[in-house]
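Enquirer: give me a model of this one.
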Amino acid sequence: MQSLELQNTVKEALNALYHHPDDGVRMQADRWLQDFQRTIDAWQVADNLLHDATSNLETLIFCSQTLRSKVQRDFEELPSEAFRQLRDSLNNLLKKFHKGPPIVRTQISIAVAALAVHVPAEDWGDGGIVNWLRVEMNSHPEYIPGFLELLTVLPEETFNYKIAARPERRRHFEKELTSQMETVLNILTTCLNISELKEQVLEAFASWLRLKHGIPGSVLAAHPLVLTALSSLNSEILSEASVNVVSELIHYTASGSSGGVSVQMPLIQVLVPQVMSLQAQLRDSSKDEEDVKAIARLFADMGDSYVELIATGSSEAMMIVNALLEVASVPEYDIASMTFNFWHSLQVILTKRNSNTSFGDEASIEAERNRRLQIFHQSYEALVSLVSSRVQYPQDYQELSYEDLKEFKQTRYAVADVLTDAASVLGGDATLQILYVKLVEAVSCCGHENGEWRPAEAALFCIRAISNYVSVVEENVMPQVMDLLSKLPHQPQLLQTVCLIIGAYSKWLDAAPSGFSKLPLVIEILMSGMRTSEDSAAAAALAFRHICDDCRKKLCAYCKQLFHIYYTAVNGEGSFKGSAEDSLHLVEALSMVITELPPEPAKDALEELCSSVVTPLQEVINQGPEVLEKKHARELTVHIDRFAYIFRYVNHPGAVADAIHRLWPIFKAIFDLRAWDMRTMESLCRACKYAVRTSGRLMGITIGAMLEEIQGLYQQHHQPCFLYLSSEVIKIFGSDPSCASYLKNMIEALFTRTTCLLTNIKEFTTRPDIADDCFLLASRCIRYCPQLFIPSAVFPALVDCSMIGITVQHREASNSVLTFLSDIFDLAKSSKGEQFLSIRDNVIIPRGATITRVLVAALTGALPSSRLETVTYALLALTRAYGMQALEWARESVSLIPLTAVKEVERSRFLQALSDAASGADVNALMAPVEELSDVCRRNRTVQEIVQGALKPHELNMVAVS
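Expert: So this is what the prediction gives:
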């Protein structure tokens, strides 16, 4: 009775989901249905409704999906004797829906395949599911279409990790299927006799080929299934299934598990001529685009799979290369781009020094390499011409949607990668020559303001793409390119690319004989770029930074002019269109030139630069505390960020130390009045960090004042950046005895406050930045000043705090906590830390069992599987530090997990691997058993809840151990 009521409720909920006008009701129905799918009752209700002749399509789809997901994820809910009943019911449903609806039949097929992953072959009878299926097909030929779909999805489910099967069972299932390959091919060959099933048979064959089982090429070359697929390629209507089969055959012949190309040569010799015979269809205008795409895919597959053979440069190989050039010339980018991976792989083989080692001595290897490069020279020249036109802005570029514009940019990046591949083979200078011809043609089109700018922009984009491959002393083309730039109209997109190309060739401007003489010309262009549009200003600022970086020594004599450019752009004396972030490139540019000046001029230049930045801040402070407090953070950080760049890139420690000393009263005023404001504090701490990093121990008394300031402010405002700045200070001053008392006080004050803030996992979750920066600081203390940190009273409290935070979901916070613990366990590896081992042991050993238990909980589901490596290393470091004691802790923890979740053999394998790794075995050998234990414990929600319920990582007693 209850089941009948539930069935009616499911129908009502589905009706509400699909047809009720109220969004709230639909959402409520959706939630109820999702919760229902997780219940044990869902098995029977879904099965009943699927057998019910009155169920409508919506009900059938929902119930088939429910049954499929229950078999995949929750099969262990059922008693072992339920298997046959479930199998027979699914079999009946497969027969019932053999003619459709297709979506329902597919879900039922996947459910049967998932059942086969869970249940060993012997339970299906001799020969496993494949033989069971063969018997069913022979007994009920009228249901063959439904059974063929099951046969198709079977190998696909081998690699479906939604199925909550143990890793060991999954491996056995794959072996069961591969052992039945011959039977499957016989079934499919028999089904070929039913002409209307040919497409379905070929799809099933393609699916089984993906298992990459080593069938000899000589067998496949003459196999009826292969011959049928190849003959279908030339039929009037191109068969999608036959293309899939041939594609899989090509991949199969190149896979290691099939024996590789040499073993599969008989099959390759059948496949290649058949695919090559399709080349003419690439040019056939009557062909449908989807057909051309399918044919192009086969050529691309051949290129990718046989690239090692093609690289030999034989006449047969060059036929394939020419066909791939033809694919690259197809107007549709989606089709042409299928070849891009091949051109890259071929380039890697052709240019790699050790790819021809079979040719003997060094001279023979080099001769063979040069021979191959020469053979493919013409092909890559043709490729450059073909792809360079694809980067041109479309006529209607201003009307492109955000998504279309994003796609266009991705196309340009992909073409840029192909051009760099070509430049690797041809040489940058030769590639430049080809592109220069295109540029000259294009420039003639935009000789006046209303001219066509797009071809010129495309040619310049391509020339920029190969900048790293062009010789920095190239004198034939680059001087002419630079001269052409000034003749181009100031159209915003074109000017942006012109600015970017100037930045890309900054090394050429410095090194080429005529390069530096072009500098006034290009600076003028960059100034125009800064005034034209936001994008061109951003490109110009970036280019200016590159020029100042690469030409810094030569530019030292032009500091006055550089300051003029800086003031014009940054201080609003000109109409700079760039953002505050763009202006930072100009600050960086000037800072790098100042670095090259002698100490006294550098000090003066730094003072001038700082003066221009500090003036607006000083003006705000002079207006009084109320004005400073009310200012929007952005009005302050725009200036403070410039200080960060100055202190980072002016590499004159003494001059920077003097500067920060002079500026400290202003910094202190901002610290005191804006400590509540995270954005301003982050900006200010960043500036201080770079000042500390550059000045080091020359900072003198300023460092004491800075430490006192952040230590005091942290007690009230808890800004994570105060901890981050402290980390930098510890790194520089940690081993300086004269700073010991300052640092000890700072460490104790910061950590004492933080451990009061992070008292439970909820606090870690709401304050992940504090947790992250706190434990980064703690790790720095272990590395740079263990003598101040480990004997301190705050060390045990911080270890207790870290135990609470291991399972925080925030990635960076979790990693910082785990790294801190690993650093403690690895203390013996550090010469500074060895003397503190007894103090460490007094803290860790009483907590060892709890730490281990939380780490095991993290491995088995408390943390995402992406953190596995970090958690494993922490557990390994603990085991190496405490040997048999730690193994006992691990054994106690793992034994808490019920045998319904983890088998004894899985526990033992994990503990043995941990023992081996602790004894010095390769750490990588530990990963496989850890991953297996992790997979087993996460295989479905129920198991994960059982495991975490047993280990209780959040409920352990975290009170400090005395």
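Enquirer: near Glu441, how many other residues are there?
Expert: When neighbours are defined as other CB atoms under 10 Å, Glu441 has 12 of them. Using the backbone N, CA and C atoms, a C-beta is placed for each residue, glycine as well.
Enquirer: which element is the residue nearest to Leu776 when sequence neighbours are not counted on?
Expert: Using CB to CB, 6 or more residues apart in numbering and skipping residues adjacent in sequence, the residue nearest Leu776 is Ser816, 5.1 Å away. Here Ser816 sits within helix 811-825, counting by DSSP states H and E.
Enquirer: now that helix: average pLDDT?
Expert: For helix 811-825, mean pLDDT is 96.
Enquirer: run the chain-centre distance for that helix.
Expert: Its chain's C-alpha centre and that of helix 811-825 lie 22 Å apart, by CA atoms, centre = their mean, to the nearest Å.
Enquirer: downstream of that helix, the next helix or strand is which one?
Expert: helix 837-844.
Enquirer: name the helices or strands packed onto that following helix?
Expert: Applying 3 or more CB pairs under 8 Å, 6 or more residues apart in numbering; DSSP states H and E, we find helix 837-844 packed against helix 794-805, helix 811-825.
Enquirer: and the next element down the chain from it?
Expert: With DSSP H and E, the next secondary element past helix 837-844 is helix 848-857.
Enquirer: what about that next one, average pLDDT?
Expert: 95.
Enquirer: now do that helix against helix 794-805, angle only.
Expert: Relative orientation of helix 848-857 versus helix 794-805 (axes from the mean of the first three to the mean of the last three CA atoms, to 10 degrees): 30 degrees.
Enquirer: for helix 848-857, packing partners?
Expert: Contact here means 3+ CB pairs under 8 Å, 6+ apart; on that basis helix 848-857 packs against helix 794-805, helix 868-895, helix 941-951.
Enquirer: swap in 10 Å and give it another go.
Expert: Judged by 3 or more CB pairs under 10 Å, 6 or more residues apart in numbering; DSSP states H and E, the packing partners of helix 848-857 are helix 794-805, helix 811-825, helix 868-895, helix 923-937, helix 941-951.
Enquirer: in that helix, what counts as buried?
Expert: Of the residues in helix 848-857, 848-857 count as buried by neighbour count, 16 or more other CB atoms under 10 Å.
Enquirer: of all these, which comes closest to Gln180?
Expert: Within those, proximity to Gln180 (CB to CB) peaks at Val856, which comes in at 38.8 Å.
Enquirer: pretty sure the closest one contacts Thr879?
Expert: No - contact criterion CB atoms under 10 Å: Val856 and Thr879 do not qualify, at 11.7 Å.
Enquirer: the helices and strands packed on helix 848-857: which one's closest to Arg171?
Expert: Per CB to CB, nearest to Arg171 of the helices and strands packed on helix 848-857: helix 923-937, 10.3 Å.
Enquirer: okay, buried residues for the closest one please.
Expert: Applying 16+ other CB under 10 Å to helix 923-937 flags 926-927, 929-937 as buried.
Enquirer: from those residues, pick the one nearest Ser80.
Expert: Distances from Ser80 to the buried residues of helix 923-937, taken by CB to CB, are shortest for Val936, at 18.2 Å.
Enquirer: contacts only, for the closest one.
Expert: Going by CB atoms under 10 Å, 6 or more residues apart in numbering, Val936 touches 164-168, 860, 897, 901-903, 906-907, 910, 943, 947.
Enquirer: try it again with 6 Å
Expert: Contact partners of Val936, counting by CB atoms under 6 Å, 6 or more residues apart in numbering, are 166, 902, 906.
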